[in-house]
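In: Kindly generate the corresponding structure for this input.
(2 chains)
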Amino acid sequence: MKAPPFAYARAGSLAEAFDLIERPGARILAGGQSLIPSLNMRLATPQLLVDITRLNELAAIEPRQGGLQVGALVTHSQILLSEEIRKRVELLAQAAAQVAHPAIRNRGTLGGSLALADPAAEYPAVALALNATLILKHRRGERRVSAGHFFKGLFETDLRAGEILAAAEFPQVERSVFVELARRQGDYAIVGLAGVADASGRRIAFFGVAATPVLAEKTSRAATLEAALEALPQDLHPAGDLYHSSATKLHLAKVLLQRAWTRLSKPR
Amino acid sequence: MDTAVQTTLTVNGTPVTRRIEPRMHLVDFLREELGLTGSHIGCEHGVCGACTVRVDGEIVRGCLMLAVQADGCRVETIEGLTDSKELEKLQKAFHERNALQCGFCTPGMLMAAQDLLKQKRKMSREDIRGHLSGNYCRCTGYQAIVDAIEDCINGQG
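Out: Next up is the predicted model:
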């Protein structure tokens, strides 16, 4: 289980990073907590790893009008410790507590998780529920893409060659809830739910159920829990995996919806 | 093609400079280049926690970090924390509580447990189990390990 040979370059600036990622077979290395295992298992065979972890401009947490911008290199541990995130984007903090284990949280990053787009990962669902804006920088400027358009398929995103995911902007909402079911603390979820609600309504996203996180639109619009449970099978068509059938996953999604619903409803 | 990268890091207080192939993990570097075989290699994909070491004061997976990424970093291993006596209380409690059998997971377990002790607050057995969820032990069933850590945290160790 040793990685194949590759070259390594540490970017000292964003401009240098843009140069490096244009080289043949180049791949961006952030926290490496998913990339390095896939190198070890030889599922990935890059020719050059471009280490961006020392680019401090990608590691800031900054207030924005009506929300918060979180840099791509902010780690899971930093998300958990940030007072600002707990206050303004509680959903992200709630999700970070479910990501892997302390030693992995110390290195894994927000941007790495979003850019990888693992369908069972927490942050893509958080971004979708909040309809976060992802900031993709390239040599000549930046593109701003909403989470709803960013996640295209299994490990597939809207990122284009030469672009680096620099940050995500999360809007502040009134209520949020994050729940997932996993066999052990820190495992990838069997099914998970990220939901938010405010005056404009609810947005409930599920993950671990398809190639991308899924925004359950009919379920989100339902007036009562009963109606939401009835609508859920129209929004979700989970594929079974090695351990759980499609029917089991749908059942577990309903369990999560029941746990989440009251926390998304206005306190009386 | 020579891809080796000149890398300088501090390991248990001693500065080390080597030319390192980028594919070499931090834990392989510690074990094979420096002979620090206390950090173990289990799964090599971040699941088992046997390779847990400290980098700049935070625990990390030694198999999920390239040695070249540790350039300029302060790395501490089970050997360093044993020599400095930082782990003395925990090691004594592990001994007294019989918190190991084969001992393969123990260095990683101690590194993760010490990370918890550093927080200096009372915690429940559930909290302890949560923190250790990324460290596998195939012998003890964890009960004795949680006992030992609980002793230390609640001041009896």
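
In: got the contact list for B:C43?
Out: By CB atoms under 8 Å, 6 or more residues apart in numbering or on different chains, the contact set of B:C43 is A:1, B:50, B:63. In short, each C-beta sits where N, CA and C put it, glycine included.

In: Mind checking which of the residues you listed land in strands?
Out: Judged by DSSP state E, strands contain none of the contacts of B:C43.

In: How much space separates the residue nearest to A:A96 when sequence neighbours are not counted from A:A59?
Out: Closest residue to A:A96 apart from its sequence neighbours, by CB to CB, 6 or more residues apart in numbering or on different chains: A:I79 at 4.1 Å. To A:A59, A:I79 is 12 Å away according to CB to CB, to the nearest Å.

In: who's more crowded, those two?
Out: Set A:I79 next to A:A59 and count neighbours by other CB atoms under 10 Å in any protein chain shown: A:I79 wins out with 23 against 19.

In: which SS class is that one?
Out: What DSSP: H, G, I helix; E, B strand; the rest coil gives for A:I79 is helix.

In: Pull up the gap between it and chain B, please.
Out: 14 Å (CB to the nearest CB, to the nearest Å).

In: re the thing from before, who touches the residue nearest to A:A96 in this structure?
Out: By CB under 8 Å, 6+ apart, the neighbours of A:I79 are A:70, A:85, A:92-93, A:96, A:110.

In: Could you chop the chain up by domain?
Out: You didn't say which chain, so I picked chain A. A:7-51, A:56-171, A:178-264 (automatic domain parsing).

In: The intended chain is chain B.
Out: According to automatic domain parsing, the ranges for chain B are B:5-81, B:87-153.

In: Nearest to chain B within the stretch 101-250 of chain A, name that residue for me.
Out: Residue of the stretch 101-250 of chain A nearest chain B, by CB to the nearest CB: A:H101 (2.6 Å).

In: Which strands border the host helix or strand of A:V179, and is each parallel or antiparallel?
Out: Assigned by DSSP states H and E, A:V179 belongs to strand A:175-181. Using DSSP bridges, strand A:175-181 pairs in its sheet with strand A:191-198 (antiparallel).

In: so B:H131 touches A:A97, yeah?
Out: No: look at B:H131 against A:A97 with CB atoms under 8 Å: they stay out of range, at 11.9 Å.

In: which one of those two has more residues nearby?
Out: Set side by side, B:H131 and A:A97 show more neighbours around B:H131, with 21 against 14, by other CB under 10 Å.

In: Next, the contact list for that one, please.
Out: A:102, B:112-113, B:115-116.

In: 10 Å instead, please
Out: Contacts for B:H131 were tallied using CB atoms under 10 Å, 6 or more residues apart in numbering or on different chains; they are A:101-103, A:185, B:59, B:112-113, B:115-116, B:119, B:123, B:149.

In: just A:I204 next, same as before
Out: A:I204 touches A:125, A:128-129, A:177, A:193-197, A:214-217, A:219-222, A:228, A:232, A:235, A:256-257, A:260-261, A:264, counting by CB under 10 Å, 6+ apart.

In: Show me how to select, in ChimeraX, the buried members of the residues you listed.
Out: Buried subset of these, written as a ChimeraX selection, criterion 16 or more other CB atoms under 10 Å in any protein chain shown:
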select /A:125,128,129,177,193,194,195,196,197,214,215,216,219,220,222,228,232,235,256,257,260,261,264
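
In: hmm, back to that, what's the overlap in contacts for B:H131 and A:A97?
Out: A:Q185.

In: re the thing from before, most surrounded residue in the contacts of B:C43?
Out: Taking other CB under 10 Å as the neighbour criterion, B:C63 ranks highest of the contacts of B:C43 with 27 neighbours.

In: Give me the local confidence score for it.
Out: Per-residue pLDDT puts B:C63 at 97.

In: Would you check how far apart it and chain A are?
Out: 7 Å.

In: For that residue, give me phi and psi.
Out: Main-chain torsions, B:C63, degrees, to the nearest 10: phi -90, psi -10.

In: That one contacts A:R107, correct?
Out: No: contact criterion CB atoms under 10 Å: B:C63 and A:R107 do not qualify, at 11.7 Å.

In: Overlap of the contact sets of these two?
Out: A:36, B:46.

In: And the residue of chain B closest to chain A?
Out: Taking CB to the nearest CB, chain B has B:G134 as its residue nearest chain A, at 2.6 Å.

In: Next, count neighbours for B:T37.
Out: Neighbour tally, B:T37, other CB under 10 Å: 15.

In: list the contacts for it?
Out: Contact analysis of B:T37 by CB under 10 Å, 6+ apart lists B:27, B:30-31, B:77-79, B:107.

In: Which residues are in contact with each of A:I79 and A:A59?
Out: A:70, A:109-110.

In: Which residues are in contact with B:L81?
Out: B:L81 neighbours (CB under 10 Å, 6+ apart): B:12, B:38, B:53-54, B:87-88, B:90-91, B:107, B:110-111, B:114.

In: now the residue nearest to A:S13 when sequence neighbours are not counted: how far from A:L80?
Out: The spatial neighbour of A:S13 that comes closest, neighbours along the chain excluded (CB to CB, 6+ apart), is A:L55 at 7.2 Å. In this view, A:L55 and A:L80 are 22 Å apart by CB to CB.

In: One more: A:L20?
Out: 31 Å.

In: ok, which stretches of the stretch 151-268 of chain A are helices?
Out: A:217-221, A:225-235, A:246-264 (DSSP state H, counting those that start in this stretch).

In: got JSON lines for those, with distance to chain B and mean pLDDT too?
Out: Below are these laid out as JSON lines (distance: least, CB to the nearest CB, whole Å; pLDDT from 0 to 100):
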{"stretch": "helix A:217-221", "distance to chain B": "30", "mean pLDDT": "98"}
{"stretch": "helix A:225-235", "distance to chain B": "29", "mean pLDDT": "98"}
{"stretch": "helix A:246-264", "distance to chain B": "19", "mean pLDDT": "97"}
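
In: Looking at those helices, which is nearest to A:L35?
Out: Closest approach to A:L35 among these (CB to CB): helix A:246-264, 27.4 Å.
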